[in-house]
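**Q** based on what follows, work out the 3D shape:
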Amino acid sequence: MKFVIQRVTKGKVSVDDQVIGKINQGYVVLIGVSDEDSRQTADKMLKKMLGLRIFADENGKTNLALKDINGELLMISQFTLYADCKKGNRPSFIKAGKPDHANALYEYLIDQAKKEIPVVETGSFGADMQIELINDGPFTVILDSDELFGQK
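**A** Sure thing, here's the model as predicted:
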């Protein structure tokens, strides 16, 4: 599982020119799922993400987590995080999770996040989405379950 986490002051996602998810200060998270991922992987990734202390405290140091600032989440599925560009110039996506599996884990992540964070907005799985955000910093963190936990 892969998360690309962007610390934002605002974020929104649209489908067919209709805004379907919108947040203020918090994270826009792009989520990639592989077939090897499980709910256990999702739980670990969510815990790691929510524990990240990447918001400034009163002294300007990055010491605060999302909950500490009453931050919001915009979670968007993005299978292209599993692009394999080793051969040629056209990426292969065979490492991305099959749609049914990936969507189930994406929905699970959303449900679990809602237990922790009051405002959780989402994209639309499999849709052609347009994402707008104001990256605060810029500050972007990539979490990869294989690197973090030695597993998918």
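**Q** how about the strands of the protein, start to end?
**A** 2-15, 18-23, 26-32, 55-56, 62-64, 72-77, 120-122, 130-144 (DSSP state E).
**Q** and those as TSV, adding mean pLDDT, mean neighbour count and distance to Q40?
**A** In short, each C-beta sits where N, CA and C put it, glycine included. Converted to TSV, the strands of the chain look like this (pLDDT from 0 to 100; neighbours: other C-beta atoms under 10 Å; distance: least, C-beta to C-beta, whole Å):
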stretch	mean pLDDT	mean neighbour count	distance to Q40
strand 2-15	98	20	16
strand 18-23	98	15	26
strand 26-32	98	26	16
strand 55-56	96	18	27
strand 62-64	96	14	28
strand 72-77	98	24	19
strand 120-122	98	21	21
strand 130-144	96	14	15
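**Q** dump these into JSON lines; add distance to G97 as well.
**A** Formatted as JSON lines, these follow (distance: least, C-beta to C-beta, whole Å):
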{"stretch": "strand 2-15", "distance to G97": "11"}
{"stretch": "strand 18-23", "distance to G97": "21"}
{"stretch": "strand 26-32", "distance to G97": "8"}
{"stretch": "strand 55-56", "distance to G97": "30"}
{"stretch": "strand 62-64", "distance to G97": "32"}
{"stretch": "strand 72-77", "distance to G97": "10"}
{"stretch": "strand 120-122", "distance to G97": "17"}
{"stretch": "strand 130-144", "distance to G97": "14"}
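**Q** give the contact list for F125.
**A** Going by C-beta atoms under 8 Å, 6 or more residues apart in numbering, F125 touches S77, P99, A102, N103, Y106, E107.
**Q** mind doing that once more with 10 Å?
**A** Counting by C-beta atoms under 10 Å, 6 or more residues apart in numbering, F125 makes contact with I31, I76, S77, F79, P99, A102, N103, A104, Y106, E107, I110.
**Q** and the residues you listed, which of them are buried?
**A** I31, I76, S77, F79, A102, A104, Y106, I110 (16 or more other C-beta atoms under 10 Å).
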